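Trainee: Here is a sequence together with a model predicted from it:
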Amino acid sequence: MTYSWLGRLLGVLLLLLSPLLVAFGPPGITTSDTALAPMYPSDLQLLQDYQGPSSLTAKAALIMDAASGKVVFERQSHERRAMASLTKMMTALVAMDRGKLTERVTVPRIPLPQEASMGLLWGDVLTLEDLLWGLLLPSGNDAATVIAYHVGGASVENFVNLMNQKATELGLKDTHFANPHGLDEDGHYSSAYDLAVIARKAMENPTFARIVGTRDWTVQASRTFWLRNSNFLLRPQYQSMGADGIKVGYTDDAGDSIAASATRDGRRVIVVALDTADRTVEAIKLFDYAFATFQWVELTLPAYLTASDGDGQLRTIVLKEPRYEYLAKWESRRLLPLLKLDGLTGLQPGTAAGSVSFWNWQRVLTDVPVVVQ
């Protein structure tokens, strides 16, 4: 009777302590994906927060990790929609690919759109970089037309063909350009996902990133142009958010739209919101959700994971290269490495040892090669 009573007591104690043992034990590894992880109240709260930003008005929206291109939230992200001046991200990309920033450009005697104008007049002389400032800060449709005419070899149509060629190179499936400025036109459309891809690519260019992250700029050319960025996220009251670009737009068909970037601790998030009630408010909601719900996690293996080199030495198995993943916080607390080793003996330093899949107890998130250290 005494041993039976003690056994029951021990069983109760182990049951009560098991969450603590799981939560604070050493990192584990497994070769099976059939294990189940306990769900704690804190996990349930994180899962509730994971459902998405509340009260979004955008007809289409998306959140993307700039480093990996991983999408962590989307709404109708592949739906084809008018894109307004978000078009100018691609205009800038093609201009920087095909032209030289120092090239001097004389504004030709061609029709210049007046909506969202930089203020160009026929005969003005500027550099291509000056025109990019006018394109991206006040969203000058006149600057877009002059850039297209100049870089396209005196043909706006040729430049638009280059834009569509670039879209194909980037693998965009739901994008087609009919003009370089974004005014509503048949056959001119994109999607939230494709625009995020364009924004991500554009922000890799230091000149583009510097321009779209600047609030005010003065162009000293044949005339002086005082330019102000139409992206309100760059205003001082939003400085703590880390916003550093990219582009806003509005037309009757597109509605109020934005592709925006914010960087914290060296990590960038890109958001897109199309056809919103208020593009600035919408972008803030997306950024707040992104930074509160997700985090960058360095993937690692337990230090005790070793293999024999065949000479009596144990060698640590490590990831082939440093790897970070942008994960929901509930996922980052429940990661489990699933090992797929090629062998455990005769492995010399630097030798490939197989791979490891990181699992969140529901699905495999990523697969990473491992080597012997």
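Mentor: Received the coordinates, thanks. Numbers count the residues shown, from 1 in each chain.
Trainee: Spatially, which residue comes closest to S117, not counting chain neighbours?
Mentor: Nearest residue to S117 in three dimensions, chain neighbours excluded: D142, at 4.9 Å (CB to CB, 6 or more residues apart in numbering). Bear in mind the C-beta positions are built from the backbone N, C-alpha and C, glycine included.
Trainee: does that neighbour count as helix, strand or coil?
Mentor: The three-state label given to D142 by DSSP: H, G, I helix; E, B strand; the rest coil is helix.
Trainee: Please tell me how far it sits from L335.
Mentor: 52 Å (CB to CB, to the nearest Å).
Trainee: likewise T316?
Mentor: T316 is 19 Å from L335, by CB to CB.
Trainee: between those two, which one's more packed in?
Mentor: Taking other CB atoms under 10 Å, T316 and L335 do not tie; L335 has more neighbours (18 against 15).
Trainee: residues contacting that one?
Mentor: V297, L299, L327, F358, W359, N360, L365 (CB atoms under 8 Å, 6 or more residues apart in numbering).
Trainee: What is the neighbour count of the third one?
Mentor: Right, L327. L327: 24 surrounding residues under other CB under 10 Å.
Trainee: Show me what it bridges to in the sheet.
Mentor: For L327, the beta-bridge partners are Q295 (DSSP bridges).
Trainee: thinking it is in contact with T293, fair?
Mentor: No. Using CB atoms under 8 Å, L327 is not in contact with T293; the gap is 9.8 Å.
Trainee: ranges for the helices of the protein?
Mentor: Here the chain has its helices, by DSSP state H, at 2-24, 41-49, 88-98, 128-136, 141-151, 156-169, 192-203, 206-212, 279-293, 329-332.
Trainee: winner for burial among these?
Mentor: Mean neighbour count (mean count of other CB atoms under 10 Å) peaks for helix 141-151 among those, with a mean of 26.
Trainee: Let me know the angle separating it from helix 128-136.
Mentor: Counting by axes from the mean of the first three to the mean of the last three CA atoms, to 10 degrees, helix 141-151 points 140 degrees away from the direction of helix 128-136.
Trainee: for helix 141-151, the distance to its chain's centre please.
Mentor: 28 Å (CA atoms, centre = their mean, to the nearest Å).
Trainee: Repeat that for stretch 288-300.
Mentor: Averaging C-alpha positions (CA atoms, centre = their mean) puts stretch 288-300 13 Å from its chain's average.
Trainee: now swap in stretch 67-79 and tell me
Mentor: Per CA atoms, centre = their mean, the displacement of stretch 67-79 from the mean C-alpha position of its chain is 8 Å.
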